[in-house]
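In: Sharing a sequence plus its predicted fold:
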Amino acid sequence: MAAVGTRTELAAAQRDVADPALISDGKIIPAGCELKMNPDLSWYAVRTKPRQEERAVENLGAWGLTTLAPRIKGNSNGRESHLFPGYIFARFDSTSMLHNIQFTRGVAYVVSFAGIPA
């Protein structure tokens, strides 16, 4: 089924489907299908090499990871800067991906306490 655009279309689509199991991002997931959420994925702080936040985000994205590198607008110069310079956040399974992430270009290390990623 095609994506649903407006709230009215969404309500109409809900009426058209006898038993919709779930509506996600404006799309109706039929009753026989399920969204797979991986409970093993957590957010981790990743320290980047100096001024390589964007490089790290790009390379972690190549691994298929979700990343977050919040930015804020500068004061008088109008340029954006990183909210947490030198740090980004990535969502991954630490048991299977930690080694790959530590050796990704732009990444210095994954923030850890007593050897456990935090």
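Out: Great, that's in hand.
In: What is the least confident helix or strand in this structure?
Out: strand 22-24 (a mean of 39; mean pLDDT, DSSP states H and E).
In: quick one: the helices in the protein?
Out: Using DSSP state H, the helices found in the chain span residues 7-16, 53-62, 94-102.
In: is it true that G106 touches E53?
Out: Yes - counting by C-beta atoms under 8 Å, G106 touches E53, with 7.5 Å between them. C-beta here means a position set from N, CA and C on the backbone, and glycine is covered the same way.
In: The closest residue to K49 other than its chain neighbours - how many residues pack around it?
Out: Closest residue to K49 apart from its sequence neighbours, by C-beta to C-beta, 6 or more residues apart in numbering: A108 at 5.1 Å. Counted by other C-beta atoms under 10 Å, the residues lying close to A108 total 15.
In: Touching, A108 and A45? I think so.
Out: No - contact criterion C-beta under 8 Å: A108 and A45 do not qualify, at 11.4 Å.
In: hmm, back to that, least confident of the helices of the chain, on average?
Out: Mean pLDDT across the helices of the chain is lowest at helix 7-16; the value there is a mean of 48.
In: quick one: low-confidence parts of this structure?
Out: Scanning the chain for pLDDT under 70 picks out the ranges 1-40.
In: Would you state the strands of this protein in chain order?
Out: Listed in chain order, the strands found in the chain under DSSP state E are 22-24, 27-29, 42-48, 66-68, 71-73, 80-82, 87-92, 107-110, 112-113, 116-117.
In: what comes into contact with the last one?
Out: Strand 116-117 is contacted by residues Y44, S94, L98, V110, V111 when judged by C-beta atoms under 8 Å, 6 or more residues apart in numbering.
In: cutoff 10 Å now
Out: With contacts defined as C-beta atoms under 10 Å, 6 or more residues apart in numbering, strand 116-117 is touched by 42, 44-46, 92, 94-95, 98, 101-102, 109-111.
In: strands paired with it, and their directions?
Out: Its sheet considered, strand 116-117 pairs with strand 112-113 (antiparallel) by DSSP bridges.
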